[in-house]
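Novice: This is a predicted model, with the sequence first.
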2 protein chains.
Amino acid sequence: MKSATENSNALLLENQICFPLYSAANALIRAYKPFLDQLDITYSQYLVMLVLWQHRAVTVKELGQQLGLDSGTLTPLLKRLESKGLVLRKRSTKDERARIISLTRQGKSLEQQAANIPRDLFCKTGLSPAQAKQLKALCQQLQAVLDN
Amino acid sequence: MKSATENSNALLLENQICFPLYSAANALIRAYKPFLDQLDITYSQYLVMLVLWQHRAVTVKELGQQLGLDSGTLTPLLKRLESKGLVLRKRSTKDERARIISLTRQGKSLEQQAANIPRDLFCKTGLSPAQAKQLKALCQQLQAVLDN
DNA sequence: GATAAAAAGATTGTACACAATATAAATTTG
DNA sequence: CAAATTTATATTGTGTACAATCTTTTTATC
């Protein structure tokens, strides 16, 4: 039989895996802010732009699969990017249900302004390349297992 | 001079540290949901309860320091916990500005119901104890560096 | 080919995060 | 000790996340 002390140990904030991960993710998003403020986009909008810079044009569904977000998150976010003049939201002619999200010229040109963000941020983390690699691998494994 | 290809590599979603961390944190919060639904609390509310189970009573400021959250997040969250009957929000008699957050009997008794969540969730992650330890350490280091 | 089922987004509602500002109490300073 | 500053919390506004539901279009199935 477990003692009360043993039981409560498992519930200490410091003993959870969840809290450091949650806290580090929040801290990382905050760390991006000064850089992203210069581009006038948020962190989540930046993730969408990363996908678009890579793929040029994608559907909302594909974006959702890449980023693990649903239409309830993406639809308003994409409308904001549209109103900023960074993306277009055209209906597919092949499938009228689907929206094709593509970059405007302004959206494309933002890629140059974002070019140094990954390096700047990596410096800010103070992680060694090996540590970053390890952290990335562990997070990817965790996410993959949890999302089945 | 860098080629366009070299520049864009740094901006690939897969090459960012940020995305796996963000994505894993989201996945972990989703993974808690079925367990926390049984207690009728959210993930953030659970973090607050962890602090309270450990310390019995704290001010909003202390909660914010422990969790890295500000009053804009905590005030409405604590009001929700209060309306669920889990916490009390009393003004300090020593300092009328401060709110002392304490557990109700119901809030205390919830600790027993939460006792198995850490173990259940750890199983769900599929991480080895060594991997969990590593992930935790890297996240704590990252958060500490980023928040100065 | 009409009807049922599935798929793609949009909408609604709840709950964070967090910046910016406001308010009131406590503390410091002149 | 009055005025200025600081501190603790609350409020407001914006932007995610995500569950649940709805609409429209497409695809199956009879």
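Specialist: Nice, I can see it. In this text, all values refer to a predicted model and were calculated from it rather than measured experimentally.
Novice: To what extent is the residue of chain A found nearest DNA strand D buried, counted in neighbours?
Specialist: Nearest residue of chain A to DNA strand D (Cβ to the nearest atom of the strand) works out as A:Gly72 at 2.6 Å. Every C-beta, even on glycine, is put in place using the N, C-alpha and C of the backbone. By other Cβ atoms under 10 Å in any protein chain shown, 9 other residues sit near A:Gly72.
Novice: Could you say which helix or strand holds it?
Specialist: Taking DSSP states H and E as the definition, A:Gly72 sits inside helix A:71-83.
Novice: Can that helix be said to contact DNA strand C?
Specialist: Yes - between helix A:71-83 and DNA strand C, judged by Cβ under 7 Å from any atom of the strand, the touching residues are A:71-72, A:74-76, A:78.
Novice: Could you tell me the angle between the helix of greatest length in chain A and helix B:18-39?
Specialist: Ranked by residue count under DSSP state H, the longest helix found in chain A is helix A:18-39. Angle of helix A:18-39 versus helix B:18-39, following axes from the mean of the first three to the mean of the last three Cα atoms, to 10 degrees, is 130 degrees.
Novice: Downstream of helix A:18-39, the next helix or strand is which one?
Specialist: helix A:43-55.
Novice: Could you list the residues in contact with that next one?
Specialist: Counting contacts by Cβ atoms under 8 Å, 6 or more residues apart in numbering or on different chains, the residues outside helix A:43-55 that touch it are A:29, A:32-33, A:36, A:39, A:41, A:58, A:62-63, A:66-67, A:69, A:73-74, A:77-78, A:80-81, A:86-87, A:101-103, A:107-108, A:110-111, A:114, A:117, B:8, B:11-13, B:16, B:18-19, B:22.
Novice: gap between A:Val60 and A:Ser83?
Specialist: Counting by Cβ to Cβ, to the nearest Å, the gap from A:Val60 to A:Ser83 is 16 Å.
Novice: ugh, wrong one, A:Ile117
Specialist: 23 Å.
Novice: quick one: low-confidence parts of chain A?
Specialist: Applying pLDDT under 70 to chain A flags the ranges A:1-8, A:11, A:14.
Novice: now with 80?
Specialist: A:1-16, A:148 (pLDDT under 80).
Novice: Nearest residue to the middle of it?
Specialist: What sits nearest the mean C-alpha location of chain A, by Cα atoms, centre = their mean, is A:Leu47, with 4.5 Å.
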